[in-house]
Structure formats: structure tokens, C-alpha cells
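# Have a look at this prediction, sequence included:
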Amino acid sequence: MENDTIIADLYATGVAAKFSEEGNLRWHKDFQGNGVYANAVDTDPLGNVYLTFRYVQYMEIGSDSIRADSNFAQMGNALIKMDPSGNILWYKNFYTGLGDITYMECDEQGNVYFANYG
């Protein structure tokens with residue numbers, strides 16, 4: 001079995017990766033920002049990947065930068081949709097106070113549901 005090592009960008013604090021059934025690295029994405037970490041991941045029937053991240057103050061998604069609202073303790077959550085090749089299709093920014101998105105699921109039609117606490 002081949003071993004792949006993911007070396008994240010120096011300033012990246014969140015990483016998403018896809019591995020083959022054999023354990024080979026297909027792709028990985030770095031998400032830069034402050035206090036960025038993943039909470040949930042799921043896929044839809046077409047193989048698109050949905051990720052949620054929590055961040056403090058800001059997070060960079062591709063070439064875009066999102067910011068948390070200072071009225072919510074500068075914490076934010078992001079929902080990101082990526083295609084099976086790891087390309088970012090869209091993202092949504094949520095202000096959920098101090099809470100994390102702790103559960104997410106995609107249904108057979110590709111709808112996304114999530115819940116948070118806080």
C-alpha cells in the first residue's frame with residue numbers, strides 16, 4: 001500500500017482530503033484562517049462533498065475570505081460544497097454564536113441538513 005503524506009500550507013488550519021479505496025491520496029484542500037477546524041462531512045449521490053468548518057474571525061475559501069460577525073463572539077461556521085474532484089462549487093457562511101455545526105446529512109436529492117449547538 002502506498003503512503004501519502006499531506007503537507008498543509010504553512011498558514012492553513014483546516015484540511016479536507018479524499019483517498020481512494022486503496023488509501024491513495026486523490027486530492028486535498030487547505031483552508032486558511034484563524035481557528036479553522038472541520039466539524040462534519042458527507043457526500044451526496046453524485047459524489048459531491050459537503051463540509052462544515054468552524055472558524056474564529058476569518059476563513060479563506062478558495063480566493064474568497066469570509067469573516068465572522070463581532071456580535072457573535074467572532075465565531076462563524078461555513079458549509080462548503082465541493083465536486084468529486086475537490087473543486088469548490090459554493091459555500092455558505094453562518095453566524096451561530098459560540099456553537100458548532102455538529103451534525104450534517106445529505107439526502108438522495110442532494111439537499112443538505114445540519115444542526116448546531118450553542
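Ah, there it is. Numbers count the residues shown, from 1 in each chain.

# where does residue 110 fall, helix, sheet strand or coil?
Secondary structure, DSSP: H, G, I helix; E, B strand; the rest coil: residue 110 is coil.

# Surely it and residue 45 touch.
Yes: contact criterion CB atoms under 8 Å: residue 110 and residue 45 qualify, at 7.0 Å. From N, CA and C alone the C-beta is placed, and that goes for glycine too.

# Neighbour count for those two, which is higher?
Neighbour totals were compared for residue 110 and residue 45, and residue 110 leads with 13 against 10 (other CB atoms under 10 Å).

# How about residue 54: what's its closest non-neighbour residue?
residue 100 (4.9 Å; CB to CB, 6 or more residues apart in numbering).

# Tell me how many other residues crowd residue 117.
By other CB under 10 Å, the residues close to residue 117 number 11.

# Distance of residue 82 relative to residue 55?
According to CB to CB, to the nearest Å, residue 82 stands 17 Å off from residue 55.

# Neighbour count for these two, which is higher?
When residue 82 and residue 55 are compared on other CB under 10 Å, the one with more neighbours turns out to be residue 55, at 26 against 21.
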